[in-house]
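K.L.:
need coordinates for the following:
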Amino acid sequence: MAAQTSAKARSARLGLRATPEQEAVLRRAASVAHKSLTDYILDSACLAAEQTLLDQRLFMATEEQYGAILDLFDQPERENEGVRELFQRQAPWEKR
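P.N.:
Model (predicted):
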């Protein structure tokens, strides 16, 4: 996961405010996960952010663009070395 970095590699500072109840829940969860509060919040926030970015399902297209996409689907499969290499790589958030 991308959020799991050493403290030395961190250079950006983030600030947030929470209610006492939110802080208590976060501290308890961090303790259960055997993580510091900062690590727990960063790991959780990055996981949620990655899911948000990867879960984009709505794509807007004109009727002409949609037709072009359907035409591409009807074409025979072609070898694509770049795509093959891409799928063989480990996801950036899984590296470490």
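
K.L.:
kindly list the main-chain dihedrals of the residue nearest the centre of the chain?
P.N.:
Nearest residue to the geometric centre of the chain (C-alpha atoms, centre = their mean): Glu50, 1.6 Å. For Glu50, the backbone dihedrals (degrees, to the nearest 10) come out as phi -60, psi -40.

K.L.:
now do it against Arg27, distance only.
P.N.:
24 Å (C-beta to C-beta, to the nearest Å). Yep, even glycine has a C-beta here, placed from its N, CA and C like the rest.

K.L.:
ok, now Gln75?
P.N.:
Using C-beta to C-beta, Gln75 is found at 55 Å from Arg27.

K.L.:
who has more neighbours out of those two?
P.N.:
Between Gln75 and Arg27, counting by other C-beta atoms under 10 Å, Arg27 is the more crowded of the two (12 against 7).

K.L.:
how far does the host helix or strand of that one sit from its chain's centre?
P.N.:
According to DSSP states H and E, Arg27 maps onto helix 20-32. Here helix 20-32 is found 23 Å from its chain centre; the criterion is C-alpha atoms, centre = their mean, to the nearest Å.

K.L.:
do the same with stretch 56-64
P.N.:
Its chain's C-alpha centre and that of stretch 56-64 lie 22 Å apart, by C-alpha atoms, centre = their mean.

K.L.:
just stretch 23-36 next, same as before
P.N.:
22 Å.

K.L.:
which other residues reach that stretch?
P.N.:
Ala18, Leu37, Asp39, Tyr40, Ile41, Asp43 (C-beta atoms under 8 Å, 6 or more residues apart in numbering).

K.L.:
try 10 Å
P.N.:
Outside stretch 23-36, the residues that touch it by C-beta atoms under 10 Å, 6 or more residues apart in numbering are 4, 7, 17-19, 37-44.

K.L.:
so where's the protein uncertain?
P.N.:
Counting by pLDDT under 70, the ranges of the chain that qualify are 1-8, 95-96.
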